[in-house]
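**Q** Need coordinates for the following:
(2 chains)
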Number of protein chains: 2
Amino acid sequence: MPAAIDFYFDFSSPYGYLASTRIDAIAAKHGRSVNWHPVLLGAVFRITGSTPLASIPLKGEYSARDMARCARLLGVPFKLPSKFPLPTQAAARLTVWAQQPDPVHAKHLAAALYRAYFAEDRDISNPEVCADVARACGYDRALALAGLNDQSVKDRLKAEMDEAVARKVFGSPYFIVDGEPFWGADRLDQVERWMATGGW
Amino acid sequence: MPAAIDFYFDFSSPYGYLASTRIDAIAAKHGRSVNWHPVLLGAVFRITGSTPLASIPLKGEYSARDMARCARLLGVPFKLPSKFPLPTQAAARLTVWAQQPDPVHAKHLAAALYRAYFAEDRDISNPEVCADVARACGYDRALALAGLNDQSVKDRLKAEMDEAVARKVFGSPYFIVDGEPFWGADRLDQVERWMATGGW
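**A** Just a heads-up that it's a prediction; the model follows:
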């Protein structure tokens, strides 16, 4: 059984959202599972000097067009959120909270959070909105809200972040396949080819 | 006859180099020709606040790996130049100079300049090196050197730059297909699909 691949993403990343709709199916074709790692890129952006796409002249305008165009090509619902980017602590913590009992079902939650933000323009920086999404995914709403503020959940997210920094993750989506890093939804073809061929 | 597509590139852009090896063949499959536009992105980078990839922590290191990996996948010779990035006025002016009599042969020159820099690690910021490359492409070396300093050539490059800014070109490679902009070598598949389908 080949090793799982790693998928790092920020809930505020539109290309992370697009990649999230495809990565498990791509990996499954090659007998791989995927470990999902929600991360908060604000801290990393301070290291790389990156600014959120939307605020960059020319590139921001182009990117909005590109995101929508890529989504249409993939057949994925997409609407640039009215609040973009936004803080993603709540969504990331909720996902980490859900991963402890069941990492597979937690992917459904993460996918639902992504859709809530990028398809339905809901404010997932709000813990109440996140809890609503969790409830719709079959989680207990009150437990979800409590989980968001649980110190052990915060600690696990912190540990995820530390590991991401140690692995030099600087963007979203970011994939690691047998030690090989790939950044960007537009590298999914190469991610697939790397799994198929073992590299080139 | 469908309209030509536009290909904007900076000679200091490794992904521009990779794209330059493929764009004409892709366009030809769809009955299109390609207008090559060398541009100097330094001025645009001041507008977008972009910094050269190589100087960005984490992203620079990753990008060096990614460039080499993309080149291997395409079967294109690539070696990250020891001087990177570098000023590209000389290479851009030489290309513009060569375009006036024969835009098609000028592509061979531009491709040779790109190879000189990204495959042979030659310093194409040096007009003498550019003139050597021109001679190897069949141009008269002395005329090429004189062309580099010709005011009408400088003016034509300036006009190209003004048009690029007006068309909101902010990166390299940058393609425009029937008014639709695409940024990045990783959008070549979409460029091709756009030509094939007329959009989606």
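**Q** contacts and neighbour counts: CA atoms only from here.
**A** OK.
**Q** buried ones in the host helix or strand of residue A:133?
**A** Per DSSP states H and E: residue A:133 is located in helix A:127-136. Across helix A:127-136, burial judged by 16 or more other CA atoms under 10 Å in any protein chain shown covers A:127-135.
**Q** What lies in contact with that helix?
**A** The contact list for helix A:127-136, computed with CA atoms under 8 Å, 6 or more residues apart in numbering or on different chains, reads A:90-91, A:94, A:109, A:112-113, A:116, A:122-124, A:140-142, A:144-145, A:148.
**Q** Which members of those residues occur in helices, if any?
**A** Judged by DSSP state H, those include A:90-91, A:94, A:109, A:112-113, A:116, A:141-142, A:144-145, A:148 as members of helices.
**Q** now these: which count as buried?
**A** A:90-91, A:94, A:109, A:112-113, A:116, A:141, A:144-145, A:148.
**Q** Can you tell me which of the residues you listed comes closest to residue A:59?
**A** For those, the minimum distance to residue A:59 (CA to CA) is 25.0 Å, reached by residue A:116.
**Q** So, low pLDDT: which residues of chain A?
**A** Chain A contains no residues with pLDDT under 70.
**Q** In a strand, residue A:7, correct?
**A** Yes: with DSSP: H, G, I helix; E, B strand; the rest coil as the criterion, residue A:7 is located in a strand.
**Q** Report the beta-bridge partner residues of it.
**A** Taking DSSP bridges, one obtains residue A:36, residue A:175 as the residues bridged to residue A:7.
**Q** how about it, what does it touch?
**A** Neighbouring residues of residue A:7 by CA under 8 Å, 6+ apart: A:34-37, A:173-176.
**Q** from those residues, which is closest to residue A:194?
**A** residue A:176 (10.4 Å).
**Q** what's around the residue lying closest to the closest one once chain neighbours are set aside, how many residues?
**A** Leaving aside its sequence neighbours, residue A:176 sits nearest to residue A:6 (CA to CA, 6 or more residues apart in numbering or on different chains; 5.1 Å). Residue A:6 has 19 neighbours, counted by other CA atoms under 10 Å in any protein chain shown.
**Q** Let me know the distance separating residue A:6 from residue A:169.
**A** 11 Å (CA to CA, to the nearest Å).
**Q** And for residue A:19?
**A** Relative to residue A:169, and taking CA to CA, residue A:19 is found at 16 Å.
**Q** for residue A:40, same thing?
**A** For residue A:40, the distance to residue A:169 equals 11 Å [CA to CA].
**Q** What of residue A:163?
**A** Remark: distance between residue A:163 and residue A:169 (CA to CA) = 9 Å.
**Q** Which one's more surrounded, the two?
**A** With neighbours defined as other CA under 10 Å, residue A:163 and residue A:169 compare such that residue A:169 has more, 25 against 12.
**Q** which residues does that one contact?
**A** Each residue near residue A:169 by CA under 8 Å, 6+ apart is listed here: A:8, B:58.
**Q** Which of the three states applies to it?
**A** Judged by three-state DSSP, the three-state class of residue A:169 is coil.
**Q** show me the contacts for the closest residue to residue A:94 other than its chain neighbours.
**A** Once flanking residues are discounted, residue A:94 sits nearest to residue A:148: 5.6 Å by CA to CA, 6+ apart. Residues near residue A:148 by CA under 8 Å, 6+ apart: A:90, A:93-94, A:97, A:127, A:154.
**Q** of the buried ones among the ones in helices among the contacts of helix A:127-136, closest to chain B?
**A** Taking CA to the nearest CA as the measure, chain B lies nearest residue A:116 of these, at 24.0 Å.
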